[in-house]
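*Asks:* Starting from these lines, generate the structure:
(one chain, ligands or ions: 1)
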Amino acid sequence: MRLVGEAVDRVDGRLKVTGAARYTAEFSLPGLVYGVLVQSTIAKGRIKSIDGRAAEAAPGVLAVITHQHTPRLAEAHTPPVGQSLPTLQDDMVQYSGQHVALVVADTLERAEYAATLVEVAYEEEPPIATMEAGLAWAFSARASNVVRGNPAEGLAQAEVRIEQTYATPIKHHNPMEPGATIASWEGDRLTLYDATQCISITQEAVAQRLGMRRDNVRVMTQFVGGGFGCKGWSWPHTTLAALAARHVGRPVKLVLTRAQMYTAHGYQTGTVQQLVLGATRAGKLTVIEHQSTNQTSAFDDHVEGAASASLELYACPNVVARERIVRVNATTPTAMRAPGAGLGMFALECGLDELAYALGLDPLELRLRNYAAVDPQTGRPWSSNFLRECYQAGAERFGWARRSPETRSMRAGDGLIGWGMASTTHPEYRGEASARVCVLPDGRALVQSGTQDIGTGTYTALSQIAADVLGLRMDQVVVELGDTDLPTAPGSIGSRTITSVGPAVHEAAARARSRVIRMALGDERSPLHGYGEEHVVVENGGLRLAHQPSRGETYAELLSRHGVSVEAMAQSAPGPEQDGFTRRAFGAVFVEVHVDPSSGQVRVSRCVGAYDGGRIVNPRTARSQMIGGIVFGIGMALMEHTVVDPRLGRILTPSLSGYLVPTHADVPEPEVLFVGEPDPHTSALGTKGIGELPAIGVPAAIANAVYHATGRRVRDLPITPAQLL
Ligand code: MOS
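*Replies:* Residues are numbered from 1 along each chain as shown. Below is the predicted model:
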């Protein structure tokens, strides 16, 4: 490996900073018209009447589409939909912000104006607006219950016990790029430009909804301006754009407004988590009881899985993880970096901190005493685990040994200083992926795969892999992604892209290399004619003999002589190398906060994250991902909170002025350390997914640091000044 492991520049960096990278909403097509959504102003009830006549008569309007004349949509099944409720199919309203009409006009401004003229009369019922209200109505259902060992026995053995309730609010992903679709029909063939983390899920979902053959739907997305989960599944606006385009017989562009992004493609559910920890005086966990309740919509069972975090990390013999859901008049929640564990580890890692104080133990020492040498749930060995090294490297870089254990004991002037830490872990999900590699007559290589770059550096990492296998420079490799006509590959979800697609590109490139070599060996005009394949190496854009470097030729010389390109496909899936192992990425994060006791304001002043992500293909783009995750964690700890009106069920913060996210001034320069080694059981490349890993643990580390600084334990996120005064 020559380029894999190097901090090479992003191949699309220049395109992005010059504005030349084109995102979904920036495409145009001949005859393009514009769709604007009208959304319900009530959270529960039915539409009594809907009058589109004034809108239809407005200048430039081509159609006003409502449930009264939308073709019937099929139920989408299999995983692809973000919510099961079909759109514009009947008069029922199940949440505020539900789409009730789509206005299509020849310009965006005319469509926006006409949308204001659609008159909707409702028969309103009082909604269940919040999880608290839902719980009061006892609309809760037990969704799952996983037990390990004997929790009752574990409780009886406990010499020290912690019993607390933690809560996390509902939150929104807020990627910079809005959800957007351009739909265009040619006969029975539908083409969608869609802002999605998974072109193949969009393809499948829209095909199911419209009752089409999957290969009659083509989905493209060249660049994605962030998703964090909200673009992972397919949401109603994409199918509506396709319906509208068919209805008006012209391509339709539909872009969500920032406000619509709070109801149109999911959010992170809120949780209430009850946690019981029991331990011996020596700090060995004897029991973890973790129950998480999350809200879901009136029509889908979204189980967040927060409690399962307690099954995964510590060597505790007795654990119960219970998940419950509560129905609320809201849209269906979805994955948000990182689903389940991102919320569950807040409770677990705060709970461990509370236990450390109860035992008089250093929080890091407590974690080391409960380190799991094997997967505590299955007893299987880890495929690789450098968590101890993460603890050690992170603590050393941070200076953790200098921490004074008492709360309110570290100060700077009038300010309070707190140090906190937490662990992180995320499963490794490698999926099946395929790729094509072509070595072209001009000596460059073309790499094609039907995944997409969510912004994390997929184009760059795949270029590095192909360049290494073929002995090319970065600028001699062209990577094409984001088109369902390319070989099928997974979504940019669950931190799986490089571990899934990397091996496919690696294998396809190796096959192409082997074909090129054999072509040279069999070619009388090649200087390599008649040698054995084992004597040939590739480097500097061509082939040469290993023992006689002057003897060889470039790909361009060989292939232009033949006037052909050489192509190879590979389909790559997890194999027996994974059998019998549990594959996870690990990490540890250490933070320092400054708290102003007079205002209650918390500032994260330092942050060190140490991570085991197996082989790191590109330390520069990987570091950016880790920083992004840490910033996500800071937002979760201190700012992010979607506020819902408890009577109306309406979101009160649908904008980036009402919904706070960290800005540069809120974020220290995080220090990122990669301490893992290539994992032999994930793939030949040895990578482990790292996209979601860094966001996990940060909220707990900050809450723990705030406790250390102030003596105030906040268990209800976000931590606001009001809670500290
Ligand atoms: Mo992710 S939350 O799987 O985009």
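
*Asks:* wait, does the helix ranked longest in the chain make contact with the ligand?
*Replies:* In the chain, with assignment by DSSP state H, the single longest helix is helix 497-521. No. Helix 497-521 is not in contact with the ligand by CB under 6 Å from any ligand atom; minimum separation 10.1 Å. Every residue, glycine included, has its C-beta placed from N, CA and C.

*Asks:* Which SSE is immediately downstream of that helix?
*Replies:* Toward the C-terminus, helix 497-521 is succeeded by strand 536-539 as the next helix or strand (DSSP states H and E).

*Asks:* How far off centre is that next one?
*Replies:* Between the centre of strand 536-539 and the centre of its chain there are 38 Å (CA atoms, centre = their mean, to the nearest Å).

*Asks:* Give the rounded mean pLDDT of that strand.
*Replies:* Mean pLDDT, computed over strand 536-539, is 96.

*Asks:* That one pairs with which strands, and in what direction?
*Replies:* Strand partners for strand 536-539, identified by DSSP bridges, are recorded as strand 542-545 (antiparallel).

*Asks:* Pairing partners for the helix or strand following the partner strand, with directions?
*Replies:* Counting by DSSP H and E, the next helix or strand C-terminal to strand 542-545 is strand 548-554. With DSSP bridges as the test, strand 548-554 is paired with strand 542-545 (antiparallel).

*Asks:* picking up where we left off before, for the record, mean pLDDT for the longest helix of the chain?
*Replies:* Rounded mean pLDDT across helix 497-521 is 97.

*Asks:* So which bits of that helix are buried?
*Replies:* 497-513, 516-517, 519-521 (16 or more other CB atoms under 10 Å).

*Asks:* so where do the strands sit in the stretch 1-150 of the chain?
*Replies:* 33-39, 45-51, 61-66, 92-93, 99-105, 119-124, 140-148 (DSSP state E, counting those that start in this stretch).

*Asks:* which one of these lies closest to the ligand?
*Replies:* Of all the strands of the stretch 1-150 of the chain, strand 140-148 sits nearest to the ligand, with 19.1 Å by CB to the nearest ligand atom.

*Asks:* about what we covered before: please work out which of the strands of the stretch 1-150 of the chain is packed deepest.
*Replies:* strand 99-105 (a mean of 25; mean count of other CB atoms under 10 Å).

*Asks:* May I have it as CSV, with CA atoms only?
*Replies:* Below are the C-alpha coordinates for strand 99-105, written out as CSV (Å, rounded to 0.1, in the frame of the first residue of the first chain):
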residue,chain,number,x,y,z
HIS,A,99,-47.9,17.0,3.0
VAL,A,100,-51.5,17.8,1.9
ALA,A,101,-50.9,19.2,-1.6
LEU,A,102,-48.3,19.8,-4.2
VAL,A,103,-48.4,22.9,-6.5
VAL,A,104,-46.6,22.8,-9.8
ALA,A,105,-45.8,26.0,-11.7
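
*Asks:* Around the residue of the stretch 251-400 of the chain found nearest the ligand, how many other residues sit close by?
*Replies:* Nearest residue of the stretch 251-400 of the chain to the ligand, counting by CB to the nearest ligand atom: residue 335, 3.7 Å away. Close neighbours of residue 335, defined as other CB atoms under 10 Å, add up to 25.

*Asks:* Tell me which residues touch it, please.
*Replies:* Shown in contact with residue 335 (CB atoms under 8 Å, 6 or more residues apart in numbering): 229, 232, 233, 266, 493, 494.

*Asks:* Got the phi and psi for residue 334?
*Replies:* When read as degrees, to the nearest 10, the backbone of residue 334 gives phi -140, psi -180.

*Asks:* can you offset everything so residue one is 850?
*Replies:* From this message on, residue numbering opens at 850, which makes the last subject residue 1183.

*Asks:* what's near enough to touch it?
*Replies:* 931, 1078, 1079, 1081, 1082, 1114, 1115, 1116, 1117, 1151.

*Asks:* let's go with 6 Å and repeat that
*Replies:* Residues in contact with residue 1183 (CB atoms under 6 Å, 6 or more residues apart in numbering) are 931, 1078, 1115.

*Asks:* returning to what we had before: the contacts of residue 1184 also near the ligand: which ones?
*Replies:* 1078, 1081, 1342, 1343.

*Asks:* which SS class is the residue of the stretch 1100-1249 of the chain closest to the ligand?
*Replies:* coil (DSSP: H, G, I helix; E, B strand; the rest coil).

*Asks:* Now do it, the pLDDT please.
*Replies:* The model's pLDDT for residue 1184 equals 96.

*Asks:* cool, and residue 1461?
*Replies:* 98.

*Asks:* So which residues of the stretch 1100-1249 of the chain form strands?
*Replies:* 1101-1104, 1120-1128, 1134-1145, 1168-1176.

*Asks:* Need those in CSV (columns: mean pLDDT, distance to the ligand and mean neighbour count).
*Replies:* Shown next, in CSV, are the strands of the stretch 1100-1249 of the chain (pLDDT from 0 to 100; distance: least, CB to the nearest ligand atom, whole Å; neighbours: other CB atoms under 10 Å):
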stretch, mean pLDDT, distance to the ligand, mean neighbour count
strand 1101-1104, 98, 20, 25
strand 1120-1128, 98, 15, 24
strand 1134-1145, 97, 15, 26
strand 1168-1176, 95, 17, 22
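
*Asks:* now these as a markdown table including distance to residue 1005?
*Replies:* Below are the strands of the stretch 1100-1249 of the chain laid out as a markdown table (distance: least, CB to CB, whole Å):
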| stretch | distance to residue 1005 |
| --- | --- |
| strand 1101-1104 | 59 |
| strand 1120-1128 | 9 |
| strand 1134-1145 | 8 |
| strand 1168-1176 | 14 |
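
*Asks:* Quick check: which of those is nearest to residue 1467?
*Replies:* Closest to residue 1467 of these, according to CB to CB: strand 1101-1104, at 31.6 Å.

*Asks:* Helices of the stretch 1400-1549 of the chain, start to end?
*Replies:* According to DSSP state H, counting those that start in this stretch, the stretch 1400-1549 of the chain carries its helices in the segments 1404-1411, 1468-1487, 1547-1559.

*Asks:* And the ligand, is the second one touching that?
*Replies:* What it means is helix 1468-1487. No. Helix 1468-1487 does not reach the ligand (CB under 6 Å from any ligand atom); its nearest approach is 10.3 Å.

*Asks:* So for that helix, mean pLDDT?
*Replies:* On average, helix 1468-1487 scores 97.

*Asks:* Which other helices and strands does it contact?
*Replies:* strand 1450-1461, helix 1547-1559 (3 or more CB pairs under 6 Å, 6 or more residues apart in numbering; DSSP states H and E).
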